[in-house]
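# show me the folded form of this:
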Amino acid sequence: MALGNAAQPQDVRSHGVVLDAYAFIKGWVIATSLWVAALLLLVAAYYGVPAVRDGTDTGFVWGFVGMAILYGFGVSLLVAAPLAFVLAYLLRPVRNQWIHIVAFFVAPTLVFRLLGSVLGLGWQPWLLIPWATVGAAAAIGRWAIRKDVLASNLQLTRSDRPLHNPESDAAAPGEPPAYGHS
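Residues are numbered from 1 along each chain as shown. Sure, this is the predicted structure:
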């Protein structure tokens, strides 16, 4: 299974950067795990530490931990994975991996800010900080797979030449035989 044309042979792929399924899933797991870890730290700091300090029952904190895990992975699966797929597709012609990493920071930050604002969390400028954690996790996930991408160049092979031209059917010296021709 591959995203886009990664399953095609190297010499017939279009120009660009293509992720195979392994790289896509690896980046998603890394980004989501980092973001859920940040959520768990917030739950511990906001609910767990005051409960322990005050000597009250801390049993409810485990419910918040479970909710943070389910919320984090669920939102990431429903929103972040499709966003990453679309963003990777749109960035396919860009070969510079650092542009991909910056885009994977900016786009999720702004999309999740918009999503949070629509859900009633507000439009205050300081709310960019928690949404930037989403962008940072996505950028780190994209950085982690920067060497796993399949970069390809468009090469003119015999199969790309017109079939009716007998002069183009002869392979040039040192050229491998074209796919789909005898």
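
# show me the contacts for residue 99.
Residues near residue 99 by Cβ atoms under 8 Å, 6 or more residues apart in numbering: residue 91. In this view, the C-beta of every residue, glycine as well, is placed from N, C-alpha and C.

# repeat that for the one 10 residues further on.
Listed by Cβ under 8 Å, 6+ apart, the contact set of residue 109 reads 128, 131-132, 134-135.

# compute the distance between the closest residue to residue 132 other than its chain neighbours and residue 145, please.
In this structure, residue 132 finds its nearest non-sequential neighbour in residue 109, 5.2 Å apart by Cβ to Cβ, 6 or more residues apart in numbering. Using Cβ to Cβ, to the nearest Å, residue 109 is found at 19 Å from residue 145.

# kindly report the same for residue 64.
Taking Cβ to Cβ, one finds residue 64 at 31 Å from residue 145.

# what about residue 144, how many neighbours?
17 (other Cβ atoms under 10 Å).

# ignore what I typed, I meant residue 94.
Neighbour tally, residue 94, other Cβ under 10 Å: 13.

# how about it, secondary structure?
coil (DSSP: H, G, I helix; E, B strand; the rest coil).

# thought it was touching residue 18?
No - between residue 94 and residue 18 there is no contact under Cβ atoms under 8 Å: 12.0 Å.

# okay, and the residue nearest to residue 132 sits in which element?
Per DSSP states H and E, residue 109 falls inside helix 97-118.

# same question, residue 128
helix 128-144.

# so where's this protein uncertain?
For the chain, applying pLDDT under 70 flags the ranges 1-15, 151-182.

# can you give me the strands in it?
Taking DSSP state E as the criterion, the chain carries its strands at 16-18, 150-152.

# returning to that earlier point: and the residue nearest to residue 132, how far from residue 22?
For residue 109 relative to residue 22 (Cβ to Cβ), the value is 26 Å.

# how about the most centrally placed residue in the chain: what's its closest non-neighbour residue?
The chain has residue 84 as the residue nearest its centroid, 3.9 Å off, counting by Cα atoms, centre = their mean. Nearest residue to residue 84, sequence neighbours excluded (Cβ to Cβ, 6+ apart): residue 28, at 6.5 Å.
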